[in-house]
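*Asks:* sequence first, predicted model second:
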Amino acid sequence: MNKPQREKEEISAVFDSDEDGGELIYTYTVDSEGAGKRLDRFVADRSANEATPLSRSQAARLCLEKRVFINGMTDTKNASLSPGDTVTVILPAPEPDRLEPENIPLNIVYEDADIIVVNKPSGMVVHPAPGHSSGTLCSALLYHCGDSLSGIGGVQRPGIVHRIDKDTSGLLVVAKNDLAHTSLAAQIKEHSCFRTYIALTVGCPKSERVFYDASGRIQRTPDGPSPIGKPGDITGTVDLPIGRHPTDRKKMAVVRGEASREAVTHWRLLEEYDGYSMLECRLETGRTHQIRVHLSYLGHPVLGDPLYGGDRNRFCERHPGLTEGQALHAARLELTHPRTGARMLFRCDIPEGMLKAAELLKAEAEG
């Protein structure tokens with residue numbers, strides 16, 4: 001049976017001038033995994049790692065508004081896709097919301113005319129997000145720095161080059177001008193900005209490298225020379241891609257396919273307790289929830305992490321709320337100064353709650 005005729009519109013009809021209206025455009029090529037999917041489901045799945053991920057209902061609404069195209073023509077939300085189809089999504093320009101400065105104390109580790117390094121406390125959101133419009137690090141920075149922050153991140157994320165999760169504490173570098181922002185972003189992309197975390201975990205991972213081989217099977221081999229630690233240390237590497245969890249949109253997961261992105265985490269054992277451990281973790285990439293997802297995949301979630309199973313253990317039952325979320329702290333940051341070219345190293349101590357948890361773990365293991 002032939003499909004009913006649909007009123008379609010060419011992609012060029014969305015724009016009525018050559019002026020850049022600030023639209024966000026996503027373009028995807030349908031592979032064998034996406035073939036046969038409904039258009040709204042495909043868009044939701046593939047946009048999971050974009051700056052603005054879309055739910056299925058949001059994708060359906062964009063189809064209705066004629067902002068989703070198959071091979072340059074609009075179509076309905078339940079249109080079926082074929083291999084090789086090009087899907088284009090045009091999001092309308094967001095209304096700029098003014099970020100209000102707030103007089104929130106900052107723990108400043110270093111500051112000059114180009115960069116500011118802060119020690120973010122657990123519980124503080126970096127930039128405004130649904131449910132967190134105030135009390136953010138960005139609002140505190142705007143109060144402290146005034147207009148001297150890079151504008152590349154937009155009005156909602158002034159100066160922000162990288163992020164750490166709300167309930168993760170530790171070091172964050174912020175750009176005070178566009179030169180600094182461009183340089184720092186390039187260092188992160190080239191893996192020359194080293195971000196090292198301390199994590200308390202449930203159990204202790206094995207010294208191994210975990211990765212997908214060419215046939216798509218997960219392999220576990222002895223870990224080779226590690227970029228962290230020294231010979232004789234117990235180390236490991238997780239080289240597994242991360243994308244949005246297939247059923248729980250609040251979570252990320254180890255997944256394959258075009259909706260995932262490369263993610264590499266190196267770790268080193270610092271201390272082992274009775275059923276728990278302290279690890280040093282270095283990010284080679286910086287995906288959302290990366291350390292939390294990788295350690296959880298190994299079966300050793302970050303202690304206290306409610307999203308990835310780190311809060312379901314006897315220690316958290318005996319000491320509820322001790323770590324105020326996951327016991328994960330960005331303890332070390334190494335970068336090249338964007339103007340002088342000097343290599344700079346910053347450190348900060350783990351927070352009191354996490355330190356207390358480590359002391360209790362050690363005492364309980366010895367007692």
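*Replies:* Looks like it came in fine.

*Asks:* every contact and neighbour count from this point should use C-alpha atoms.
*Replies:* Will do.

*Asks:* ok, the residue nearest in space to the middle of the chain - contacts?
*Replies:* If you average the C-alpha coordinates of the chain and look for the closest C-alpha using Cα atoms, centre = their mean, you land on Thr288, 1.8 Å from that point. When contacts are counted by Cα atoms under 8 Å, 6 or more residues apart in numbering, Thr288 is found next to Met252.

*Asks:* tell me if it really is in a strand.
*Replies:* No. Assessed with DSSP: H, G, I helix; E, B strand; the rest coil, Thr288 is coil; it does not lie in a strand.

*Asks:* mind naming the longest helix for this structure?
*Replies:* Counting by DSSP state H, the longest helix found in the chain is helix 352-366.

*Asks:* which other helices and strands contact that helix?
*Replies:* When contacts are defined as 3 or more Cα pairs under 8 Å, 6 or more residues apart in numbering; DSSP states H and E, helix 352-366 sits against none of the other helices and strands.

*Asks:* mind listing what's buried along that helix?
*Replies:* In terms of neighbour count (16 or more other Cα atoms under 10 Å), helix 352-366 has its buried residues at Met354, Leu355, Ala357, Ala358, Leu361, Lys362.

*Asks:* ok, stretch 204-214 next?
*Replies:* By neighbour count, with 16+ other Cα under 10 Å as the criterion, the buried positions of stretch 204-214 are Cys204, Pro205, Ser207, Glu208, Arg209, Val210, Phe211.

*Asks:* export these as CSV, with columns for pLDDT, distance to Asp239 and secondary structure.
*Replies:* As requested, the buried residues of stretch 204-214 are arranged in CSV below (pLDDT from 0 to 100; distance: Cα to Cα, whole Å; DSSP: H, G, I helix; E, B strand; the rest coil):
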residue, pLDDT, distance to Asp239, secondary structure
Cys204, 95, 18, coil
Pro205, 94, 14, coil
Ser207, 93, 14, coil
Glu208, 94, 11, coil
Arg209, 95, 7, strand
Val210, 96, 6, strand
Phe211, 95, 5, strand
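
*Asks:* which of those residues lies closest to Leu295?
*Replies:* For those, the minimum distance to Leu295 (Cα to Cα) is 8.2 Å, reached by Pro205.

*Asks:* tell me the contacts of that closest one?
*Replies:* If a contact means Cα under 8 Å, 6+ apart, then Pro205 has Leu298, Gly299, His300 as its contacts.

*Asks:* span of stretch 246-257 from start to end?
*Replies:* Criterion Cα to Cα, to the nearest Å; first-to-last residue distance in stretch 246-257 is 12 Å.

*Asks:* list the buried residues for it?
*Replies:* Across stretch 246-257, burial judged by 16+ other Cα under 10 Å covers Met252, Ala253, Val254, Val255.

*Asks:* take these and keep only those in strands.
*Replies:* Judged by DSSP state E, those include Met252, Ala253, Val254 as members of strands.

*Asks:* quick check: closest non-adjacent residue to the second one.
*Replies:* This points to Ala253. For Ala253, ignoring the flanking residues on the chain, the nearest one in space by Cα to Cα, 6 or more residues apart in numbering is His245 at 4.9 Å.

*Asks:* contacts only, for that neighbour.
*Replies:* Lys251, Met252, Ala253, Val254, Val255.

*Asks:* what do you get for Asp147?
*Replies:* When the contact criterion is Cα under 8 Å, 6+ apart, Asp147 has no partners at all.

*Asks:* pLDDT and distance to Ile104 for the buried residues of helix 352-366 - can I get that in TSV?
*Replies:* Rendered in TSV, the data for the buried residues of helix 352-366 read as follows (pLDDT from 0 to 100; distance: Cα to Cα, whole Å):
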residue	pLDDT	distance to Ile104
Met354	95	23
Leu355	95	24
Ala357	96	27
Ala358	96	29
Leu361	96	33
Lys362	95	35
